[in-house]
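[1] no sequence for this one, just the structure:
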């Protein structure tokens, strides 16, 4: 077994509960009586998701924000979080950062666990949300004829990472402290046919949405809003960590939030993703995935 895709595929036979959504989503949707909860868990590893020596206050912020972004993609509002923390250098800064981000989004810490270990350090967080709209949006709902939209932009995190890595004096906030689009997701949930956040690269995530929906997405490369120079467009389309919201709407539907139409949905074909009407070249790296 090699790589993230193969491992998740093997796990699917164990994820038979309807709440798991066949592991095609970034969150589980659990109905308990009259309440519908959205649960998500993300892990971060030193040297993969943050740079060694980075301020642990920023790491804490990002750990919470990335999970809240998964809730945003379901139109859910946060109820609380559970923290899995590996003790180490900078724990005082981590505490300061997590207090700041939980206060910013008015989210309570409900519990969790602490362990020793590393290096490298690994951290995890589970976020619990309450659904705003039933059915809860998923990746698996885009229909032929739908329009493809993006709330937010791509490229800012890429530039922020490069600044942080080089030690330059420019702003690296977009990489260090992403902001989940909770308000936008809440407003979009009743309207979208499919929705997800962009965490691993726009091209890769668009292909995942198409796969889950059993459709083909034709992305208009030039219509994607950038937060970086035009000459970096192709890099930005493949870079992750922007946490924009990618969603589909029935034709002619205007989103109630600031967004750009960046493509269309067609019937299933031999390719899940087209870029300006053409499939990516064989072996083209569309985004980030964890190697085996």
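    Nice, I can see it. Predicted, not measured: the structure shown is a model, and the values here were computed from it.
[2] what distance separates stretch 14-25 from the centre of its chain?
    Here stretch 14-25 shows a centroid-to-chain-centroid distance of 18 Å under the convention C-alpha atoms, centre = their mean, to the nearest Å.
[3] Pull up the distance across that stretch, start to finish.
    Across its full length, stretch 14-25 reaches 15 Å between end residues, using C-alpha to C-alpha, to the nearest Å.
[4] Can you list the buried residues in that stretch?
    Along stretch 14-25, the positions that meet the burial threshold by neighbour count (16 or more other C-beta atoms under 10 Å) are 20, 21, 24, 25. Bear in mind the C-beta positions are built from the backbone N, C-alpha and C, glycine included.
[5] Wait, the second one touches residue 38, no?
    No: contact between residue 21 and residue 38 fails when scored by C-beta atoms under 8 Å: they sit 10.6 Å apart.
[6] Overlap in contacts, these two.
    27, 28, 29 (C-beta atoms under 8 Å, 6 or more residues apart in numbering).
[7] So which of these are in strands?
    Restricting those to those inside strands, with DSSP state E as the criterion, leaves 28, 29.
[8] need the helices for this structure, in chain order.
    With DSSP state H as the definition, the chain shows helices at residue ranges 4-11, 56-72, 91-104, 156-166, 173-176, 182-188, 202-213, 233-238.
[9] what's next to stretch 93-113, contact-wise?
    Stretch 93-113 is contacted from outside by 55-61, 63-65, 68, 78-85, 125-128, 180, 182, using C-beta under 8 Å, 6+ apart.
[10] cutoff 6 Å now
    55, 56, 57, 60, 61, 64, 78, 80, 81, 82, 83, 84 (C-beta atoms under 6 Å, 6 or more residues apart in numbering).
[11] tell me which residues in stretch 245-258 are buried?
    Buried residues in stretch 245-258, defined by neighbour count with 16+ other C-beta under 10 Å: 245, 246, 247, 248, 249, 255, 257.
[12] what's the pLDDT at the last one?
    What that stands for is residue 257. Reading off the confidence values, residue 257 has pLDDT 98.
[13] If we ignore the residues flanking it in sequence, what's nearest residue 228?
    Spatially, and ignoring its direct neighbours in sequence, residue 228 is nearest to residue 155 (3.1 Å; C-beta to C-beta, 6 or more residues apart in numbering).
[14] Over to residue 36?
    residue 131 (4.0 Å).
[15] what about that neighbour, distance to residue 181?
    Computed as C-beta to C-beta, to the nearest Å, the residue 131 to residue 181 distance reads 16 Å.
[16] related to what we said a few turns ago, just the buried ones out of the contacts of stretch 93-113, please.
    The neighbour-count test (16+ other C-beta under 10 Å) applied to these identifies 55, 56, 57, 60, 61, 64, 78, 81, 82, 83, 84 as buried.
[17] Switch these over to TSV; also include pLDDT.
    Below are the buried ones among the contacts of stretch 93-113 laid out as TSV (pLDDT from 0 to 100):
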residue	pLDDT
55	96
56	97
57	98
60	98
61	98
64	98
78	98
81	98
82	98
83	98
84	98
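[18] Pretty sure residue 121 sits against residue 89.
    No: with contacts defined as C-beta atoms under 6 Å, residue 121 does not count as touching residue 89, sitting 8.7 Å away.
[19] got the helices of the chain as a markdown table, with distance to residue 272 columns?
    Supplementary listing: the helices of the chain in a markdown table, determined by distance: least, C-beta to C-beta, whole Å:
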| stretch | distance to residue 272 |
| --- | --- |
| helix 4-11 | 13 |
| helix 56-72 | 22 |
| helix 91-104 | 34 |
| helix 156-166 | 24 |
| helix 173-176 | 28 |
| helix 182-188 | 23 |
| helix 202-213 | 4 |
| helix 233-238 | 15 |
